[in-house]
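Peer 1: Show me how the following folds:
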Amino acid sequence: MKITEVRAFPVGVPLDAPLRWGAMAVDVKGGIVVRVRTDEGVEGIGEAGFSAEYFSTVGPIINQQLGPMLVGRDPLEIARLWQDMVDATHMWGRRGIETYAVSGIDIALWDLLGKVSGQPVHRLLGAAKQRVRAYFAPALKPVDVIVPEAEEAVAAGFTAMKLRLGPDLETGVHMVSKVRTAVGAGVDIMVDANMAFDRRTAYRAARELEQLGVAWLEEPILARSLTQYVDDHTWLADRVSIPLAGGESMLTRFEYLDLLRRKTFDVLQPDCTSVGGISEAKRVADMAGSWNLQCVPHIACSSGTGIALAAGLHVILASENAPLVEFDAYGGPGWDGLLAEPLEVKDGYLEAHDAPGLGIELTEHAYGRFALSDVRFRSA
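Peer 2: Numbers count the residues shown, from 1 in each chain. Down below sits the predicted model:
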């Protein structure tokens, strides 16, 4: 079997109103779909990066550099292809869009391997469980909007959710308090600050959220360098009892070494679509396990294709130290017709499927129906 084509396509759907996550707001929910075709008619599907926003930079890397260099190669040699792609970009990257490109191709290769072998990806990785608890992940919204959304999520079966904080700490803590009152003590609440604060304000936030029984505080400190990211979050971790989570923007397992050595975070959050694909996300999960840390892969809510969710789910199902999966509160193209059978939460859980590969398939006219020519993103 040989690779005959590797192509990336931007897909998405426009939103009636923008959604905000920290410093980014989106008018379109979508992503970069990656397709790997072979001479035997089997193809794999992946996703590159957090959203369709990056297609103008990630797309050419896949379509003009990495894709052509893989044509004629054996798609089942995933580790070798991964290393060759990383080596091909090491002179100008490893810290940005090139790793997004590698990630999308790697995910598609795992999907293809599963289809060829007739096995779901989590079994090929070494299945650890058959289902995982999902947490509801709404956007940054006013308290009078978030409280009803949280109540509806609990009524739908969710037993965990992650709320967002903006730069106004008092407003954010008030919102968390209102949600805690509305959903009760039996629902786990995590909080994502999206690097909104300096370290002193992050300390105040952590101390107040401790009193509300928050399960983890995610990336509260603004950092401009990897050194600052590790040092400042370690400073905070040494002073508060609330567990800290982070790592969603870190690329390849090598950037996690200091986090592990310093025991900065209690929960690591690699994203399959950016860290280096399923291959690298599983390596990070295993590294976390060796340090007795949890791994809950980040799944970008700005996308909504459902492909990244499937990739993250398979890593989680193959990792004994991964207790939760992030579930986008607002759907997107994956649930609007891009995928034939998108993943759905049942009784608060996502379950493993026996379908080979990632267990997802694009609908017949998916590319034409959801193709994007103009993607609109803006700062919050």
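Peer 1: going forward, measure contacts and count neighbours with C-alpha atoms only.
Peer 2: Will do.
Peer 1: Can you give the domain ranges for the chain?
Peer 2: Annotated domains of the chain cover 3-119, 122-351 [automatic domain parsing].
Peer 1: Relative to the whole chain's centre, how far out is the last one?
Peer 2: Same thing as domain 122-351. With CA atoms, centre = their mean, to the nearest Å as the basis, domain 122-351 stands 9 Å off its chain's centre.
Peer 1: again, but for the shortest one
Peer 2: Using CA atoms, centre = their mean, the distance from the centre of domain 3-119 to the centre of the chain it belongs to is 14 Å.
Peer 1: for that domain, how far is the first residue from the last?
Peer 2: Taking CA to CA, to the nearest Å, domain 3-119 runs 20 Å from one end to the other.
Peer 1: Break down the stretch 1-150 of the chain into its strands, ranges please.
Peer 2: 3-21, 24-38, 43-48, 131-137 (DSSP state E, counting those that start in this stretch).
Peer 1: Go through the ones you listed and pick out the most buried.
Peer 2: Among those, the stretch with the highest mean neighbour count (mean count of other CA atoms under 10 Å) is strand 43-48, at a mean of 30.
Peer 1: Specify the angle between that one and strand 3-21 in degrees.
Peer 2: Comparing the axes of strand 43-48 and strand 3-21 via axes from the mean of the first three to the mean of the last three CA atoms, to 10 degrees yields an angle of 30 degrees.
Peer 1: Would you mind telling me which of the domains of the chain is nearest residue 368?
Peer 2: domain 3-119 (8.9 Å; CA to CA).
Peer 1: List the residues that contact the spatially closest residue to residue 128 that is not a sequence neighbour.
Peer 2: Leaving out its chain neighbours, the residue that sits closest to residue 128 by CA to CA, 6 or more residues apart in numbering is residue 318, at 4.7 Å. Applying CA atoms under 8 Å, 6 or more residues apart in numbering to residue 318 gives the contacts 122-123, 125-129.
Peer 1: Just give me the closest of these to residue 290.
Peer 2: residue 128 (15.5 Å).
Peer 1: Buried subset of the contacts of residue 318, written for PyMOL?
Peer 2: Selecting the buried subset of the contacts of residue 318 in PyMOL, with 16 or more other CA atoms under 10 Å as the burial test, is done by:
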select buried, resi 122+123+125+127+128+129
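Peer 1: possible to save the strands of the stretch 1-150 of the chain as TSV with mean pLDDT?
Peer 2: Converted to TSV, these look like this (pLDDT from 0 to 100):
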stretch	mean pLDDT
strand 3-21	93
strand 24-38	92
strand 43-48	98
strand 131-137	97
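Peer 1: can you redo those strands as JSON lines with distance to residue 345?
Peer 2: Output for the strands of the stretch 1-150 of the chain, formatted as JSON lines (distance: least, CA to CA, whole Å):
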{"stretch": "strand 3-21", "distance to residue 345": "22"}
{"stretch": "strand 24-38", "distance to residue 345": "20"}
{"stretch": "strand 43-48", "distance to residue 345": "21"}
{"stretch": "strand 131-137", "distance to residue 345": "7"}
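Peer 1: Looking at those strands, which is nearest to residue 195?
Peer 2: Set against residue 195 and scored by CA to CA, the strands of the stretch 1-150 of the chain come closest in strand 3-21, at 10.8 Å.
Peer 1: Enumerate every residue touching the most centrally placed residue in the chain.
Peer 2: What sits nearest the mean C-alpha location of the chain, by CA atoms, centre = their mean, is residue 299, with 2.0 Å. By CA under 8 Å, 6+ apart, the residues touching residue 299 are 50, 271-272, 308-309, 312, 326-327.
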